[in-house]
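Participant: this one's structure only:
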């Protein structure tokens, strides 16, 4: 979660300042997270071979790692779309920039909260993430409809439209999989 925060901060910087180097710097962190996931999966696989190990717990932990990796894939996709926007010089309307920035900031809050939730094992924080996802999902659906209206009314460039939607979708993938990992984490704690 903490590395994901740094990636998203760099992504926001690249988005706001049209800096490809910030995005490229963020992309260099992704392999580190993937390597850590692979190491955890190997440790769990080795542990699963031991006698008397709780295989259901191992499966649950693998599922959590899978959700985290899917969130990282969402981050990688976000970086790709933002990089394309910046490198191609695609401009968003002020409204679209404001909406993307809001989603980035809310996602940062979710990542910070998720990290704190795992460290403290605080169920109230987990509920906050779940509720925030539900709220953001509604907001983003409204943003997407508004963006369609801006396109129809000529306030959105045709080439900006799919980039905006891809950024929104990628960031929501991060949020959804982060929420899933936390929910699974707490299910594991209750089961064992």
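Facilitator: Yes, it's here. In this text the structure is predicted, and so the values were computed from the model without any measurement. Numbers count the residues shown, from 1 in each chain.

Participant: three-state assignment of the most far-flung residue of the chain relative to its centre?
Facilitator: In the chain, the greatest distance from the average C-alpha position (CA atoms, centre = their mean) is reached by residue 51, at 36.5 Å. Counting by DSSP: H, G, I helix; E, B strand; the rest coil, the backbone at residue 51 sits in coil.

Participant: Which pLDDT value does the model give it?
Facilitator: With respect to pLDDT, residue 51 scores 90.

Participant: I'd like the distance between it and residue 69.
Facilitator: The gap separating residue 51 from residue 69 is 29 Å, by CB to CB, to the nearest Å. All C-beta atoms are positioned from the backbone trio N, CA, C, and that covers glycine.

Participant: so residue 8 touches residue 111, yeah?
Facilitator: Yes - applying CB atoms under 8 Å, one finds residue 8 in contact with residue 111, separated by 6.6 Å.

Participant: tell me, what's touching these two both at once?
Facilitator: Residues within reach of residue 8 and of residue 111 at once, by CB atoms under 8 Å, 6 or more residues apart in numbering, are residue 174.

Participant: When those two are compared, which one has more neighbours?
Facilitator: Neighbours were counted for residue 8 and for residue 111 using other CB atoms under 10 Å; residue 111 has more, 25 against 22.

Participant: Touching, the more buried one and residue 4? I think so.
Facilitator: Yes - between residue 111 and residue 4 there is a contact under CB under 8 Å: 5.0 Å.

Participant: which neighbours do these two share?
Facilitator: Common contact partners of residue 111 and residue 4 (CB under 8 Å, 6+ apart): 174, 178.

Participant: What about residue 52, how many residues nearby?
Facilitator: By the criterion of other CB under 10 Å, residue 52 has 4 neighbours.

Participant: sorry, that was for residue 37
Facilitator: Neighbours of residue 37 (other CB under 10 Å): 15.

Participant: Tell me where this protein has helices.
Facilitator: 2-17, 20-27, 30-48, 55-87, 94-120, 123-152, 160-191 (DSSP state H).

Participant: Save these as TSV, and put in mean pLDDT too.
Facilitator: Listed next are the helices of the chain as TSV, based on pLDDT from 0 to 100:
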stretch	mean pLDDT
helix 2-17	94
helix 20-27	96
helix 30-48	93
helix 55-87	93
helix 94-120	94
helix 123-152	92
helix 160-191	90
